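[1] no FASTA, just this:
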């Protein structure tokens, strides 16, 4: 049954990849396993699968942070603080709005408003007692909308907003440092290095789960990987394995989906539209506030505060005149806080507004 479940997930992922759906390995596997679950009333994944999926996701996030990024975060502290605080406020207000207008349960409403990754936020749903399928659908639609609408919107503003002089980001290259103890014991084999790297993340993930901290699995996996990455030049995990984490995550969510949930998707279109309208307004206001710190210009701030992928938004920015290094660093800050601070914030909101 495990083989059948994974095969159903892979088939769905393959189809979604062919039609160019965003995050195809997660969305496709989710729909494939959901169909298997609905038709045959049976599917199977080991109980530890969720910890492994979250840990691998956390490993990729942790590996994205370098020493230069830490220097950049210090220099961009003011706009980063504005970014995080504004999104925390947005999550609370939008969550309460969606819950009040559309009768979503508050846990689901707060999670769909978190501007994090589709895979990572969707996997938090079970811990919060939220609806995984609802969180996954709205988060996926949010990502799709960001890539469809935000570049055009930012291009519109870039032709009308005068570019202001801001402080340049000066990042010195890392000096050649002596090998640490971890560097010396890390093997040269790419396969072994990857096994060690992901094992560290999984150990962190299991410890995080045992801690009982909200989203502790993901948070600890990220922190353990960051610790390894900053102290070892050989920490690595090839990007192709990210599909594995997305496939496993989609299968996990698909197992929880029922026919009623699938039919309910049409009822989520209006709350999703309200959420995206809120994101667009927030992006403009937040960009204005960030530009007032004199560390980043308005157009670059629009890219930095767009709830899309860090590398994707930085890449798009190169075509429209944004400052890619600043955008990438602030996007990384947003994602890291989404998986560390935002779960605790959501728990606090649930306690206050239960």
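    Received the coordinates, thanks. Predicted model only: the values in this text are computed from it and were never measured.

[2] Please count neighbours and contacts with C-alpha atoms only from this point.
    OK.

[3] right, and the helix or strand after the lowest-mean-pLDDT helix or strand in the chain?
    One helix or strand of the chain scores below all others by mean pLDDT, DSSP states H and E: helix 310-320, with a mean of 66. Sequence order places helix 324-353 as the next helix or strand after helix 310-320, per DSSP states H and E.

[4] quick one: buried residues of that next one?
    Buried residues in helix 324-353, counted by 16 or more other CA atoms under 10 Å: 324-340, 342-347, 349-350.

[5] got it, and stretch 19-27?
    In terms of neighbour count (16+ other CA under 10 Å), stretch 19-27 has its buried residues at 22, 23, 24, 25, 26, 27.

[6] swap in stretch 244-264?
    Neighbour-count burial for stretch 244-264, counted by 16+ other CA under 10 Å, picks out 244-258.

[7] Between the two ends of it, how far is it?
    Distance between the boundary residues of stretch 244-264 (CA to CA, to the nearest Å) amounts to 28 Å.

[8] quick revisit: how about the buried residues of stretch 244-264, which pair is most distant?
    For the buried residues of stretch 244-264, the farthest-apart pair by CA to CA is 244 and 258; their separation is 23.6 Å.

[9] Need the phi and psi values for the residue nearest the centre of the chain.
    Centrality entry for the chain: nearest residue to the mean C-alpha point is residue 117, 2.0 Å, by CA atoms, centre = their mean. Phi and psi for residue 117, reported as degrees, to the nearest 10, are phi -80, psi 150.

[10] Give me the pLDDT value at it.
    Looking at residue 117, its pLDDT is 82.

[11] Does the closest residue in space to residue 305 that isn't next to it in sequence lie in a helix or a strand, and which?
    Nearest non-adjacent residue to residue 305, counting by CA to CA, 6 or more residues apart in numbering: residue 283, 6.0 Å away. Per DSSP H and E: residue 283 is located in helix 269-291.

[12] who touches whatever helix or strand comes next after that helix?
    Reading on from helix 269-291 to the C-terminus, the next helix or strand found by DSSP H and E is helix 298-304. Residues from elsewhere that reach helix 298-304 (CA atoms under 8 Å, 6 or more residues apart in numbering): 154, 157-158, 161, 163, 283-284, 286-288, 290-291, 313-314, 317, 321-324, 326-328, 330-331.

[13] Give the rounded mean pLDDT of helix 298-304.
    For helix 298-304, the mean per-residue pLDDT is 90.

[14] repeat for stretch 86-101
    Mean predicted lDDT for stretch 86-101 stands at 95.

[15] so where's the stretch 201-350 of the chain uncertain?
    309-312, 314-316, 318-321 (pLDDT under 70).

[16] before we move on, back to that, contacts for the helix holding residue 283 next, please.
    78-79, 82-83, 86, 90, 94, 98, 102, 113, 138, 141-142, 145, 150, 296-299, 301-302, 305-306.

[17] separation between residue 40 and residue 1?
    For residue 40, the distance to residue 1 equals 11 Å [CA to CA].

[18] need the contact list for residue 50.
    Under the criterion of CA under 8 Å, 6+ apart, the neighbours of residue 50 are 123, 248, 249, 252.

[19] Name the helix or strand for the third one, please.
    In this structure, residue 249 is located in helix 242-255 according to DSSP H and E.

[20] Which strands or helices does that helix pack on?
    Using 3 or more CA pairs under 8 Å, 6 or more residues apart in numbering; DSSP states H and E, the elements in contact with helix 242-255 are helix 2-18, helix 24-40, helix 49-63, helix 118-128, helix 132-158.

[21] pretty sure residue 258 is touching residue 38, no?
    Yes - between residue 258 and residue 38 there is a contact under CA atoms under 8 Å: 6.1 Å.

[22] so how many other residues sit close to the closest residue in space to residue 306 that isn't next to it in sequence?
    Computed as CA to CA, 6+ apart, the closest residue to residue 306 that is not its neighbour in sequence is residue 283, at 6.4 Å. Here the number of neighbours of residue 283 (other CA atoms under 10 Å) works out to 23.

[23] now the end-to-end length of stretch 231-238.
    End-to-end distance for stretch 231-238, by CA to CA: 19 Å.

[24] Any idea how far it is from the middle of the chain?
    21 Å (CA atoms, centre = their mean, to the nearest Å).

[25] and residue 236, helix, strand or coil?
    Recorded secondary structure, residue 236: coil (DSSP: H, G, I helix; E, B strand; the rest coil).
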